[in-house]
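1. sequence and predicted structure, then a few things I'm wondering about:
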Amino acid sequence: MACLQFCASFIILLSTIPAISPSSVNVSENDIEDLCKNTIDAQFCVKVLKSDPRTPKADFEGLTQISIDLSRSFVLETSAMLASLAKNDTQSALMKSRYSACLMQYGRSLNDMEYANECLKIKYLRGIYMAILSSKVAAGACTREFETPPADKSGLIERNRKLRIYGQIIVLASVLMPS
């Protein structure tokens with residue numbers, strides 16, 4: 001089901017970005033804004049891409065690399081947070097178990113980002129898409145850990161949402177790379 005939703009979302013996203021033309025020239029602010037309009041949180045997307053000093057000199061391949069790097073850093077930060085939560089003595093056994101399960105999912109996401117990076121080096125777009133799909137599934141599995149009480153109060157659910165946005169950015173930027 002998650003794969004079907006991702007694929008449908010991906011096709012819709014691809015059909016809405018014809019105004020952006022792939023080239024090996026630097027991406028403009030308009031290109032970034034157009035790309036980000038096709039994510040679930042355009043404001044976050046623009047903010048994140050503009051936060052990297054490499055962005056102004058990047059083409060779409062460079063923007064894909066930047067997006068993978070930013071996503072990888074985000075996954076590492078979230079993993080550190082999860083490791084701390086899983087070891088926290090004040091957490092219930094259930095919450096520790098949930099955070100440990102999410103930590104495992106984020107470990108998978110880290111592997112996915114590393115695989116996406118390797119695929120980018122050889123311009124294997126299908127590999128990038130598969131890695132991002134896998135990362136999205138991992139974020140969803142983590143979110144599902146908290147469908148029943150007690151609720152997460154650490155901000156993890158929002159971090160899972162942001163990980164999905166990072167994935168959207170990577171896919172959209174990679175689609176616009178010149179062949």
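-> Arrived safely, thanks for sending.
2. low-confidence regions, the chain specifically.
-> Scanning the chain for pLDDT under 70 picks out the ranges 1-24.
3. what sits closest to residue 115 if chain neighbours are left out?
-> residue 131 (4.5 Å; Cβ to Cβ, 6 or more residues apart in numbering). C-beta coordinates here come from the backbone N, C-alpha and C atoms, glycine included.
4. nope, residue 45 is what I was after
-> Using Cβ to Cβ, 6+ apart, the closest residue to residue 45 is residue 36 (3.5 Å).
5. residues contacting that neighbour?
-> The contact partners of residue 36, by Cβ atoms under 8 Å, 6 or more residues apart in numbering, come to 42-43, 45-46, 49, 169.
6. 6 Å instead, please
-> 42, 45-46 (Cβ atoms under 6 Å, 6 or more residues apart in numbering).
7. what's next to stretch 134-147, contact-wise?
-> For stretch 134-147, with Cβ under 6 Å, 6+ apart as the criterion, the contacting residues are 2, 6, 98, 101-102, 105, 108-109, 112, 152, 157, 160, 163-164, 167.
8. any buried residues in that stretch, and which?
-> 134-143, 145-146 (16 or more other Cβ atoms under 10 Å).
9. with stretch 152-170 instead?
-> 152, 154, 156, 159-160, 162-170.
10. now stretch 37-44
-> The neighbour-count check on stretch 37-44 (16+ other Cβ under 10 Å) flags 37-39, 42, 44 as buried.
11. now do the helices in the protein.
-> 2-15, 29-36, 42-50, 60-87, 93-121, 125-144, 156-175 (DSSP state H).
12. out of those helices, deepest packed?
-> Highest mean neighbour count among those (mean count of other Cβ atoms under 10 Å): helix 156-175, with a mean of 22.
13. show me what that helix is packed against.
-> Where contact means 3 or more Cβ pairs under 6 Å, 6 or more residues apart in numbering; DSSP states H and E, helix 156-175 is packed against helix 60-87, helix 125-144.
14. turn these into TSV, columns for distance to residue 27.
-> Formatted as TSV, the helices and strands packed on helix 156-175 follow (distance: least, Cβ to Cβ, whole Å):
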stretch	distance to residue 27
helix 60-87	6
helix 125-144	17
